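Chemist: what would the 3D arrangement of this be:
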Amino acid sequence: MTPDSLRLPEALLREISRDMHPVRPAPLPSRMALRMALVAVLAALAVLTVVGLRKDAGALDPFVTWGASAAQITLSVILIWIAVRESTPARRLSRTVVHSALVAAWLAVVAFALWTFTVSPTLVLATRHPWIEWFVCTIGGTAAGSLVVTSFAWLFRYSLAARPGLMGALYGLGVGITINAGWRLACPISSPWHFATAHGPAILATSLIGAFAARSIAKRARGLK
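Modeler: Predicted structure coming up:
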């Protein structure tokens, strides 16, 4: 084999050069997480604006209302940060760290819900049917979260994530927790049963929607059926 035979044809080199374009370097995971968390926070504020602040908010300790919601938003930023790192192979965290973060986030949200009920044990009003409260919180929370998390999945449709389902689930959980941070300030019911049947399922549904959307969009972007 001669050196000349190893040279690429000029036509092929021109075709490769024509296909090359300058690209921006990927932003740091922390910056991307903050940007995306800001979108989720704006969605949570929109929910709070539409529904309104719960009537007993003034009687509650600020740490129970605004403090707990701020802590939930902090958790969501961490989850979205982990998800962003999933899109870059060199920065991907181990499964142990990712799964531990998922479990810790769920435990924290449940703890905040129980804390709120301990301070203000409000139940479903006798004049209302329980399914109405369930419908408003579950469907409303899921709808608000799904709009945000689907846009996130589309934004990262060309990512190099080897685990797009896990990345989408992390996004979904982060968004769901952020939406719940605003929703809990509007919902007048703090019973554990209401959280377990309405708020919790909305967060879980948002996480599952994120996982499904990320997998579907990733397959389509890669030309897979």
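Chemist: ok, Ile189 to Phe112 distance?
Modeler: 15 Å (Cβ to Cβ, to the nearest Å). For glycine as for every other residue, the C-beta is placed from the backbone atoms N, C-alpha and C.
Chemist: next SSE downstream of the lowest-mean-pLDDT helix or strand in the chain?
Modeler: Lowest mean confidence among the helices and strands of the chain (mean pLDDT, DSSP states H and E): helix 10-18, at a mean of 63. Downstream of helix 10-18, the first helix or strand assigned by DSSP states H and E is helix 29-51.
Chemist: ok, then the element right after that following helix?
Modeler: Next helix or strand after helix 29-51 toward the C-terminus (DSSP H and E): helix 62.
Chemist: out of everything not next to it in sequence, what's closest to Gly67?
Modeler: Asp61 (7.9 Å; Cβ to Cβ, 6 or more residues apart in numbering).
Chemist: from Val149, how far off is the one you found?
Modeler: 31 Å.
Chemist: comparing the two, which residue is more hemmed in?
Modeler: Val149 (31 against 12; other Cβ atoms under 10 Å).
Chemist: buried sites along stretch 135-155?
Modeler: Within stretch 135-155, the residues that qualify as buried are 136-138, 140-142, 144-146, 148-150, 152-153, counting by 16 or more other Cβ atoms under 10 Å.
Chemist: do the same with stretch 96-112
Modeler: The neighbour-count criterion (16+ other Cβ under 10 Å) identifies 98, 101-102, 105-106, 108-109, 112 as the buried residues of stretch 96-112.
Chemist: so which of the residues you listed are in helices?
Modeler: Among these, the members falling in helices (DSSP state H) are 98, 101-102, 105-106, 108-109, 112.
Chemist: distance to Leu45 added to those, as CSV?
Modeler: Formatted as CSV, those follow (distance: Cβ to Cβ, whole Å):
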residue, distance to Leu45
Val98, 28
Ala101, 25
Leu102, 25
Ala105, 21
Trp106, 23
Ala108, 21
Val109, 19
Phe112, 18
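Chemist: from those, which is closest to Ala83?
Modeler: Val98 (9.1 Å; Cβ to Cβ).
Chemist: which ones are touching the closest residue in space to that closest one that isn't next to it in sequence?
Modeler: Using Cβ to Cβ, 6+ apart and skipping residues adjacent in sequence, the residue nearest Val98 is Ile82, 6.0 Å away. Under the criterion of Cβ atoms under 8 Å, 6 or more residues apart in numbering, the neighbours of Ile82 are 93, 97-98, 101, 170.
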